[in-house]
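Student: fold the following, please.
(one chain, ligands or ions: 1)
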Amino acid sequence: MQVGIVGLGAMGKHMSANLLKNGYTLHVYDVVPEAIEEIVRLGGLRCSSPKEIAQKADIVITMLPNAQIVESVMTGDNGLLAGGREGQIFIDMSSVAPHSTKKMAGLADKKGIKYMDAPVSGGVTGAEAGTLTIMVGGDEEIFKKVKPILESLGKNIRLIGEVGSGDAVKIVNNLLLGSSMAALAEALVLGLKAGLKPETMYEVIKSSSGRSYALEAKVPDFIFKGEFKKGFPIDLQYKDLELAVETAKNLGVPLPMTNNAQQIYELARVKGLGREDISAVIKVWEDMLGVQVRG
Ligand code: NAD
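Tutor: Predicted coordinates:
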């Protein structure tokens, strides 16, 4: 089976490597030539545009920064739809808003192309290890067809419902991650100022009702070590909170906590921390109060 992928960044390059390891013929494209080169060295086949990918592959994956880029890759003169044909399947694994996915699915449908959303959780580590959680929106019949491909990329793969529902659950998940990380950062700084040792707070909260994924994944490995370079970037978390806020506005749902959390990430971006892991939001308070929560 001929598979194509557009977007060979932090996530897409590892996903490409796993597809190649699992024996798929893989056509690849990215706007950055070095990113293509890296996958060609592993056995990927170079394409010069998304259009060429769609001309060559039966199933096309997109793993792109945001909905605006997904839409331009789909609809541009050299885009996927320009090269697409009836019977193909497009799977967008980027984190985008459900309304954008539904719009793209409608355009694909006009050409007889099936469109699915399949955003992921698990970060770069999960992409590399092939252990991503994959949340799929689309037809059950098409889901069964693409499942073996998704199994090369992830472990917990689930059909959520109709097109756009994978994006919706991803937004809900990342709203929780972003909000709990922001709350954790301010809580740890408060504890420190109240005279608590960072390790004591971590040990007690780990087995108490305030525990969270953010506490377990981000405190010992990032905050205590003061190492914020790897992980899930603040810029992407900010984008995911924006997706939640935008979706909530469309649906008339108030999100006061999420809006506040997004402002914390905005402050971090203003401080130049956009490329650092989300746990670096703690530096907003640390710098303001002249303290550091380190192990
Ligand atoms: P990234 O910025 O590292 O990679 C995106 C790639 O897309 C880059 O290589 C870029 O050159 C390429 N690109 C940009 N515009 C393009 C265009 N017009 N045509 C072709 N290629 C283009 O981003 P990432 O970290 O790989 O994330 C990809 C998606 O996955 C995002 O939607 C993100 O929110 C989501 N995601 C990321 C993580 C993570 O930990 N990084 C985790 C879960 C989900």
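
Student: which residues of the chain lie near the ligand?
Tutor: Listed as neighbours of the ligand in the chain under the rule Cβ under 6 Å from any ligand atom: 6-12, 29-32, 35, 63-65, 69, 72-73, 94-95, 120, 123-124, 232, 236. C-beta coordinates here come from the backbone N, C-alpha and C atoms, glycine included.

Student: in PyMOL, select just the buried ones from the residues you listed.
Tutor: A single PyMOL command selects the buried members of the residues of the chain next to the ligand (16 or more other Cβ atoms under 10 Å):
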select buried, resi 6+7+8+10+11+12+29+30+35+63+64+69+73+94+95+120+123+124+232+236
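
Student: how many residues are close by P198?
Tutor: Using other Cβ atoms under 10 Å, P198 has 18 other residues around it.

Student: surely it meets R294?
Tutor: Yes: at 6.6 Å, P198 counts as touching R294 under the criterion of Cβ atoms under 8 Å.

Student: what score does the closest residue to the ligand within the chain have for pLDDT?
Tutor: Relative to the ligand, the nearest point of the chain is G9 (1.7 Å; Cβ to the nearest ligand atom). Note on G9: pLDDT of 98.

Student: can you tell me the SS state at it?
Tutor: With DSSP: H, G, I helix; E, B strand; the rest coil as the basis, G9 sits in coil.

Student: in a helix, V253, correct?
Tutor: No: in this structure, V253 is coil, not part of a helix, as judged by three-state DSSP.

Student: start the count at 272, not 1, going forward
Tutor: I'll keep to 272 as the first residue from here, and by that count the last item is V524.

Student: which residues touch the lengthiest strand in the chain?
Tutor: Longest strand in the chain, counting residues (DSSP state E): strand 425-432. Defining contact as Cβ atoms under 8 Å, 6 or more residues apart in numbering, one finds that strand 425-432 is touched by 391, 393, 397, 401-409, 411, 414, 418, 421-422, 437, 439-440.

Student: hang on, the earlier thing: and the residues of the chain next to the ligand, which of them are in strands?
Tutor: Per DSSP E, the residues of the chain next to the ligand map to strands at V277, Y300, V391.

Student: may I have the secondary structure class of Y386?
Tutor: Reduced to three states by three-state DSSP, Y386 is strand.

Student: any idea how far it lies from L378?
Tutor: Y386 is 8 Å from L378, where distance means Cβ to Cβ, to the nearest Å.

Student: pick out the residue closest to the middle of this structure.
Tutor: Nearest residue to the geometric centre of the chain (Cα atoms, centre = their mean): S366, 5.0 Å.

Student: that one is in contact with D438, isn't it?
Tutor: Yes: contact criterion Cβ under 8 Å: S366 and D438 qualify, at 7.3 Å.
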